[in-house]
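> Sequence and computational prediction follow.
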Protein chains: 2
Amino acid sequence: MEMLVTYLVPLAGLLALLYAFVRTRWISRQDPGTPEMQQIAAAIAEGARAFLRREYRVLSIFVIVVAILLAIFNARQPGSSWLIALSFVVGAVCSATAGFIGMTVATRANVRTTNAARTGLGPALNVAFSGGLVMGLSVVGLGLLGLSLLFLFYSEVLAWDYLKVINVISGFSLGASSIALFARVGGGIYTKAADVGADLAGKVYEGIPEDDPRNPATIADNVGDNVGDVAGMGADLFESYVGSIIGTIVLGASFVPVFQQMSGVHPLAGVLLPMILAGAGIVVSIIGAFFVKVKEGGNPQKALNQGEFGAAFVMAVLAYFIIQWMLPEAWTAESPLIPFTNYTATGVYWAVLIGLAAGVLIGLITEYYTSTHTKPTLLIARQSVTGAATNIIAGLSVGMLSTGLPALVLALGIIGAYAAAGLYGIAIAALGMLSVTGIQLAVDAYGPISDNAGGIAEMAHLPPEVRERTDKLDAVGNTTAAIGKGFAIGSAALTALALFAAYMQQAHVPTIDVSQPNILAGVLLGAVLPFVFSALAMSAVGRAASDMIKEVGRQFREIPGLREGKARAEYARCVDISTKAAIREMVLPGLLAVSAPVIVGLIDKNMLGGLLAGVTVSGVLLAIFQANAGGAWDNAKKRIEAGLEIDGVHYGKGSDAHKAAVVGDTVGDPLKDTSGPSLNILIKLIAVVALVIAPLLA
Amino acid sequence: MEMLVTYLVPLAGLLALLYAFVRTRWISRQDPGTPEMQQIAAAIAEGARAFLRREYRVLSIFVIVVAILLAIFNARQPGSSWLIALSFVVGAVCSATAGFIGMTVATRANVRTTNAARTGLGPALNVAFSGGLVMGLSVVGLGLLGLSLLFLFYSEVLAWDYLKVINVISGFSLGASSIALFARVGGGIYTKAADVGADLAGKVYEGIPEDDPRNPATIADNVGDNVGDVAGMGADLFESYVGSIIGTIVLGASFVPVFQQMSGVHPLAGVLLPMILAGAGIVVSIIGAFFVKVKEGGNPQKALNQGEFGAAFVMAVLAYFIIQWMLPEAWTAESPLIPFTNYTATGVYWAVLIGLAAGVLIGLITEYYTSTHTKPTLLIARQSVTGAATNIIAGLSVGMLSTGLPALVLALGIIGAYAAAGLYGIAIAALGMLSVTGIQLAVDAYGPISDNAGGIAEMAHLPPEVRERTDKLDAVGNTTAAIGKGFAIGSAALTALALFAAYMQQAHVPTIDVSQPNILAGVLLGAVLPFVFSALAMSAVGRAASDMIKEVGRQFREIPGLREGKARAEYARCVDISTKAAIREMVLPGLLAVSAPVIVGLIDKNMLGGLLAGVTVSGVLLAIFQANAGGAWDNAKKRIEAGLEIDGVHYGKGSDAHKAAVVGDTVGDPLKDTSGPSLNILIKLIAVVALVIAPLLA
């Protein structure tokens, strides 16, 4: 009977894709507004498509080369198979397809959200959220469908030799992670080069706001929202989702010999459980999405919370029954690595709850450090009064301080999940956080769609209340999105750990003792990677933004009438600058991430173990630091814009304090949207590369 | 005969102090200049003394409390002794005394340097370098004298039971580290609150330069150079110096049973070697100092290089003979922790050379990333043209990128030194870097003395060529100082490792396997400490600088005639703000550093092992990032001031690019002078605390 359930898993993936299709049809039927709005939206959609085409062309070369290398190396290894190359290609294609669908629908939803915002907040929320939901469901649908079909296919081909199946299927995760890293870095560089460029160009040359149609970089800026914040984030979560499922599968394989001896238990129960939980999560996400509807006068914040928290709660309850039904009450499993031996179904369920609790806690801490109405952002706003330098010092300090509590929560979560169910517990805790990714990603992706809608409203000269509504829409999702970020960081750390343990098993590395000099050297080299990687991403944004500013200056000098709004800016040139910069600059950090573990692993497989520990710890901390510093600077600026009073003096938009806060906001942009989120992928990509080459090193 | 040599060690310490006294007398005999200059210098000296008095009053409470706790806990432990409390107090007192002497002489040397600069560059260099040399010799003299006398005393009292001696003597390092951390953090907050405050206040309120006598914060700024950059740095290097000697002593103790079986070798040769190398280093430093003399028209850069590199070279040669003479050609020693068993005297010498090479390499890399005439600072200068935001992004990116190569050098150094002589090799590599601390610190401390001399020249309205000469003097030492920084960071990492290994031996922790969840949690908690610690230090500077700016504003509003230079500013008020802020704000980070390892150790001694690994790796990387980002911002500003031309447009002092670069420089100040250098101490303090409580946890 469990086998039947296994065949239901791909059906859950299919269901997600079907429902995404239904919502896409609904979005397309909405009114796209005035011809001017449609023209602007078409320019954005065209720019976004052009970027993805070029990005995917470069990535396809990478995918082909890596696939050939994988096939050659694994075909020669006893026990391995060239099927790993197939998994890799399928993973890459699924990830790219999810990004493409999400971005295409987002560029349709943006202008229809603008148009809906002309009538009210509720209709606008419905369109924007639907756009986000299509992205979310495409990600989980393609992820689970691809993974489960490959699993069933390999099981038949390899005659249910589960160890071989698990080895080749890790290629799927490698494909997803590679695409994710390039998409996050490339998209992040694109969006922030355009954003910083549009913002500063307007200020340096003309005192023109970034969304003003006279600003030549404004279309590039809006394209950036779609390729970075939608497609890039989609690839990111695709990778997290798939990685957490595969990490659990690999560790669950160690239960097979035990379960084979027990009656009433499927031998592969530990391997199938993560897929079945993910399938259930899809159904729960779709149901949750029905609750996100606002009638006129309703509270949109409440609607989003109902959807996301409702889904998480239902999932927490459902997981209990699935785990109790699939796993035996108690069993003993020995592993050379793990002193943990006595497992229980209840322990596994506790691990899921610990994962959920850790994710929510990290989200709430994130919210505290970055929200407009809390102490840390007020502190940054106050320090802006004495200039940009004190604003920057305060932001750096808030960002660094904000790593403390999440590290404590993660440390306790790791110890707790392990105490509950060993390494399998750590993996399943990560999966618990990500099981309702479908609806989480919908809430995340709805932000940039609303942002885009606001940009279109501005460019199409719509009445100010339209922009106000889209701004409110954008703000409403922030708390919910903060929780999502907590899940992303928490699950990345736990998934990396699970993959790390899987690497040790597969490479036959018994311990990773940091008191040994080669291991410590590995930890040091691993810990420095996120620093170097962030530096490369940030300097790429800086360089591309400078090019953008110069191009805007050139247009203002050379196009007569542009300044007065009589001539049209050459938007395409700016789109081109961002595109070229993103494609060019994503290569070096990407190759660094892929090659570092291979080189170190070939020198010393134990040192690679140290490298994995170093990159995980330092990557998680730098990711939290960058995300929170960026978020706090952003909201400190918003706080001043809302009006700040200190010792009877009022500081608002246009004050010197505001100018200082804008500097902080601009500095935070590449931190929170380019280098920071890429680190989550980096740590997992390095772990997956290690896992894939593990049989070679063993 | 070796015993005789042992008694020579304290004599070397005494020699350093005697020669420091001779140089102090010589400085005091120099002409202190005009009555106005003397008045300014008196105000600076008075402020510095007042701060140290208050700082030491607070610290004496801390020292007494910790000493009592140490005495109570250790008296009850079998094999331990209350003598550890005595060591702790002696270490704290020696460190504080060295800081006090250095600062007192620096506040005499500053005004005499100014006066000498009225006649020429050569005489000014001689005075400033002499001031630095007194600091350097006081540190090594008191360090070695205190340590070696305690060693001889304990040896007699404890009847040459070397294990007990080594246990109680680690308290000396704890005393030195505690004082160092508070002095670095307190002094760092003082100097940067005053510096940032004076800088911004002048700009915000009056457009008055920071050294202008009308700026009420200017005396506080100059006091800061003495209490932060002189006394704070002295305590810092005292701690490094003592820590590296004690780390080697502890590891050398494992050779005693082997050497007892061999003829012609002193049983304690491994323990005495570090002290004898340090004693030789003192003699070499004094000889080196004689080479730092410039005649008129001579090259001061060459003189400093001759002194420092000459001393390092002579030391490298001398170490060969000392090691070959003291250690047997080859021996075998087993340890439960260390797979390394076959030692040779040549291997130990190789470790010294590897340490020196790693230090020089890290110094040269530092120089590349931060010097005015290299690519990274040019990049930051260019990015300043588009505003403060791009300047900050570029600086953060340069700082992060600059961690890559030093991490690689350190990783190779660790592996190399271990391959040469096991853990003892790692410890002795650190000692090799620090053996000529006497002259290194002289070069370091001469910078702030020259800086102060420039401030006095400005305030006393001396002709501009005097200021030009002192500025040149300040710039000349930069390369040499960068090498010193490389040694400080490299030796901190290696010393922490040695102490870390010593902790494992003493606490009976056999392995630190990061694949175990409690260890990994420990690594995560350790890695987050430098982030939180830096955040606390930086926000303290931000807050205190804000207070300073407000006070300056009040004085300009309320003191009639101040603006026109007719009335005298109330300098003492600003001195008081910095003093109070520094004293208040140093407490929390200091207690965090001391209590974290105790709490984690009491929970789980293995987790504490993980914490030590985490804090070392993350601390070293964050320290390099902060130091280099700060240095690069500083010199990018100087580069623009020297005149920068891009695409035919000239950017110089007063341009918008310069204003943006000033923001970067100000942001970099607390990074490079408060939080960054404190991290070197933090990682060692935590390791020493662990080592001291190790017998309790065993």
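In hand now; what should we look at?
> Once you drop chain neighbours, what's closest to residue A:198?
Spatial nearest neighbour of residue A:198, excluding adjacent residues (CB to CB, 6 or more residues apart in numbering or on different chains): residue A:217 at 3.7 Å. No exception for glycine: its C-beta is placed from N, CA and C like everyone else's.
> In contact with the one you found, which residues?
Applying CB atoms under 8 Å, 6 or more residues apart in numbering or on different chains to residue A:217 gives the contacts A:194, A:197, A:198, A:201, A:210, A:548, A:551, A:552, A:574.
> Rank these by pLDDT and give me only the lowest.
Among those, residue A:210 carries the weakest pLDDT, at 69.
> SS state for the residue nearest to the spatial centre of chain A?
Nearest to the mean C-alpha position of chain A, by CA atoms, centre = their mean, lies residue A:236 at 3.6 Å. Of the three states, residue A:236 takes helix according to DSSP: H, G, I helix; E, B strand; the rest coil.
> Just the pLDDT for residue A:480.
pLDDT for residue A:480: 65.
> go on, residue A:590?
87.
> Would you list the phi and psi of it?
Dihedral pair for residue A:590: phi -60, psi -50, per degrees, to the nearest 10.
> Nearest to residue A:686, out of the contacts of residue A:217: which one, please.
residue A:194 (28.9 Å; CB to CB).
> At which residues are the strands of chain A located?
Using DSSP state E, the strands found in chain A span residues A:330-332, A:342-344, A:644-646, A:649-651.
> Point out the one among these that comes closest to chain B.
Of all the strands of chain A, strand A:644-646 sits nearest to chain B, with 10.5 Å by CB to the nearest CB.
> other SSEs contacting the closest one?
Other elements packing on strand A:644-646 under the criterion 3 or more CB pairs under 8 Å, 6 or more residues apart in numbering or on different chains; DSSP states H and E are helix A:375-383, strand A:649-651.
> and of these, who's closest to residue B:590?
The minimum distance between residue B:590 and the helices and strands packed on strand A:644-646 falls on helix A:375-383, with 22.0 Å, by CB to CB.
> Just the buried residues of that closest one, please?
With burial defined by 16 or more other CB atoms under 10 Å in any protein chain shown, the residues of helix A:375-383 counted as buried are A:376, A:377, A:378, A:379, A:380, A:381, A:382, A:383.
> so who does residue A:288 touch?
Contacts of residue A:288 (CB under 8 Å, 6+ apart): A:307, A:308, A:310, A:311, A:314, A:436, A:439.
> try 6 Å
Residue A:288 makes contacts with A:307, A:310, A:311, A:439, as judged by CB atoms under 6 Å, 6 or more residues apart in numbering or on different chains.
> same deal with residue A:679?
Residues near residue A:679 by CB under 6 Å, 6+ apart: A:530, A:619, A:622, A:623.
> Could you save those residues as a markdown table and add columns showing neighbour count, pLDDT and distance to chain B?
Formatted as a markdown table, the contacts of residue A:679 follow (neighbours: other CB atoms under 10 Å in any protein chain shown; pLDDT from 0 to 100; distance: CB to the nearest CB, whole Å):
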| residue | neighbour count | pLDDT | distance to chain B |
| --- | --- | --- | --- |
| A:530 | 31 | 96 | 9 |
| A:619 | 29 | 95 | 10 |
| A:622 | 30 | 96 | 9 |
| A:623 | 30 | 94 | 12 |
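> And those residues, which two are furthest apart?
A:530 and A:623 (7.6 Å).
> For chain A, give me the ranges with low pLDDT.
Within chain A, the ranges that satisfy pLDDT under 70 run A:1-5, A:76-80, A:202, A:204-207, A:210, A:296-297, A:336-338, A:477-482.
> which residue sits closest to residue A:625, ignoring its sequence neighbours?
residue A:399 (4.6 Å).
> and that neighbour, how many neighbours?
Residue A:399: 30 surrounding residues under other CB atoms under 10 Å in any protein chain shown.
> Start and end of stretch A:152-162, how far apart?
End-to-end distance for stretch A:152-162, by CA to CA, to the nearest Å: 11 Å.
> do you know how far the closest residue to chain B within the stretch 551-698 of chain A is from residue B:633?
Closest residue of the stretch 551-698 of chain A to chain B, CB to the nearest CB: residue A:666 (3.7 Å). Plainly put, residue A:666 is 17 Å away from residue B:633 if you go by CB to CB, to the nearest Å.
> mind listing what residue A:588 touches?
By CB under 6 Å, 6+ apart, the residues touching residue A:588 are residue A:536.
> wait, I meant residue A:589
The contact partners of residue A:589, by CB under 6 Å, 6+ apart, come to A:185, A:533, A:536, A:537.
> Also residue A:273?
residue A:326.
> burial count for the closest residue to residue A:151 other than its chain neighbours?
In this structure, residue A:151 finds its nearest non-sequential neighbour in residue A:169, 6.2 Å apart by CB to CB, 6+ apart. Applying other CB under 10 Å, we find 25 residues neighbouring residue A:169.
> Contacts for stretch A:535-545 next, please.
In this structure, residues lying in contact with stretch A:535-545 by CB under 6 Å, 6+ apart are A:185, A:189, A:192-193, A:196-197, A:581, A:585, A:588-589, A:670, A:674-675, B:383, B:390, B:393-394, B:397, B:400-401.
> Just the buried ones among the residues you listed, please.
Buried, going by 16+ other CB under 10 Å: A:185, A:189, A:192-193, A:196-197, A:581, A:585, A:589, A:670, A:674-675, B:383, B:390, B:393-394, B:397, B:400-401, out of the contacts of stretch A:535-545.
> Counting neighbours, what do you get for residue A:524?
Residues within reach of residue A:524, counting by other CB under 10 Å, total 27.
> cool, residue A:65 as well?
10.
> now the nearest residue to residue A:587 once chain neighbours are set aside: how far from residue A:584?
Excluding its sequence neighbours, the residue lying closest to residue A:587 (CB to CB, 6+ apart) is residue A:58, at 7.6 Å. Separation of residue A:58 from residue A:584 (CB to CB): 9 Å.
> now do residue A:53
Counting by CB to CB - residue A:53 and residue A:584 are separated by 16 Å.
> ok, the two, which is more surrounded?
More crowded of residue A:53 and residue A:584, by other CB under 10 Å: residue A:584, with 15 against 11.
> Please report how far that one lies from residue A:544.
Distance of residue A:584 to residue A:544, computed by CB to CB: 9 Å.
> Contact partners for the residue nearest to residue A:380 when sequence neighbours are not counted?
Nearest residue to residue A:380 in three dimensions, chain neighbours excluded: residue A:636, at 3.7 Å (CB to CB, 6+ apart). By CB under 6 Å, 6+ apart, the contact list for residue A:636 reads A:377, A:380, A:381, A:661.
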